[in-house]
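**Q** I would like to see how this sequence folds:
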Amino acid sequence: MARDIFKTPPLRGSAAERFIERTKIIEQVKIPPTLNHVKLLTRKEVQRIFNELSPKVKKTFPEMVFKVRGLVTKPIEDFTIFNDFSCCPLGSKKTDLDDFIHDEARRYHEEKAAFTYGLFYDKPGEAEKIPLGFATLQHDTIKIEGEKYPYTDMPAVKIAHFGIRRELHGLGLGSTFLAMICQLMSRQEWRFIILYISSLTMVKFYEKNNFTALGRKPAKLKPTKPLIMYLDLRKNSLWRESTKAWGQRIGQ
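**A** Predicted coordinates for the structure are as follows:
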């Protein structure tokens, strides 16, 4: 830990002499003439350069986009494509997921608090612009018993929000999209995927997709005390199973 500067004793004797000698050496260093002409960039100029480079960077890193069996998942920047999107069951009231993707997801993205991936058909034309689902992810940590590491917490990606367009419920698309997200995170060198569940129905869905409850699963769940579930990507067989099921549905 750094010592309080006011409690640091003054240099004396040989230590003081070494300090003075090094100070003189530093003072003799001359700045190269070329550096005198370096222009400091304003915040606006830095933002402009970042905006110009951002599309090129995304093309350079293919691990941010993933395609399989006529589907593609990729990062979302234009959230207006979700204006007519709903993942609540037909005939049901608007859900918290709808409220989030319509009203909050853009702000989370702009503030770098979370990043959202969308699921689309991998077809040219209007079909590729219609979102089939979305997953909003955040960085988090997880405590796993029995791991032989000198850390108490392990880094993880949290699935904060996950939804499939309501017209496509019951087709196995949710499991396929979940597998694609896990595969993307594995490509980016993440090991653990976690999520917080407050519905027993959703617990069954994620258990089917190889997620494990962290600790004992309670008989009832409350929003104030959600169940933490996780997937160890090092042991993940979800990818092969779910994409095979989706391929059978679409005849591939």
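**Q** need phi/psi at the closest residue to Leu231 other than its chain neighbours.
**A** Spatially, and ignoring its direct neighbours in sequence, Leu231 is nearest to Ile193 (4.5 Å; Cβ to Cβ, 6 or more residues apart in numbering). C-beta coordinates here come from the backbone N, C-alpha and C atoms, glycine included. Here is the backbone geometry of Ile193 (degrees, to the nearest 10): phi -110, psi 130.
**Q** enumerate every residue touching Ile193.
**A** 156-159, 181-182, 185, 211, 230-231, 233 (Cβ atoms under 8 Å, 6 or more residues apart in numbering).
**Q** one more pass at 10 Å, please.
**A** The contact partners of Ile193, taken as Cβ atoms under 10 Å, 6 or more residues apart in numbering, are 137, 140, 142, 156-159, 178, 181-182, 185-186, 206, 211, 229-233, 236, 238.
**Q** thought Phe162 was touching Gly133?
**A** Yes - between Phe162 and Gly133 there is a contact under Cβ atoms under 10 Å: 7.7 Å.
**Q** what touches both of those two?
**A** What both Phe162 and Gly133 touch, as defined by Cβ under 10 Å, 6+ apart, is the set 87, 117, 174, 177-178, 181.
**Q** and the residues you listed, which two are furthest apart?
**A** Distance extremes for those: the farthest pair is Cys87 and Ile181 at 15.3 Å, using Cβ to Cβ.
**Q** just to revisit the earlier point, looking at neighbours, which among the shared contacts of Phe162 and Gly133 is most surrounded?
**A** Leu178 (27 neighbours; other Cβ atoms under 10 Å).
**Q** can you give me the pLDDT of the nearest residue to it once chain neighbours are set aside?
**A** Leaving out its chain neighbours, the residue that sits closest to Leu178 by Cβ to Cβ, 6+ apart is Asn209, at 5.5 Å. We have a pLDDT of 88 for Asn209.
**Q** what's the answer for Pro62, then?
**A** 50.
**Q** just Leu200 next, same as before
**A** On the pLDDT scale, Leu200 is placed at 81.
**Q** so where is the stretch 1-150 of the chain shaky, pLDDT-wise?
**A** By pLDDT under 70, the weakly predicted segments of the stretch 1-150 of the chain are 1-16, 18-43, 45-46, 49-63, 91, 146-147.
**Q** all helices of this structure, in order?
**A** Listed from the start of the chain, the chain has helices (DSSP state H) covering 13-28, 43-60, 96-99, 105-110, 173-187, 200-208, 238-250.
**Q** can you list contacts of the fourth one?
**A** Right, the one you point to is helix 105-110. 75-80, 82, 99-100, 113-116, 134, 136, 138, 160-161.
**Q** filter those to the buried ones?
**A** 76, 79, 82, 100, 114-116, 134, 136, 160-161 (16 or more other Cβ atoms under 10 Å).
**Q** sitting in strands, which of the residues you listed do you find?
**A** Among those, the ones falling in strands (DSSP state E) are 115-116, 134, 136, 160-161.
**Q** circling back to that earlier point, report the beta-bridge partner residues of the residue nearest to Leu231.
**A** Val157, Leu231 (DSSP bridges).
**Q** ok, now which ones touch Phe100?
**A** 82, 108, 114, 116, 134, 136, 160-161, 163.
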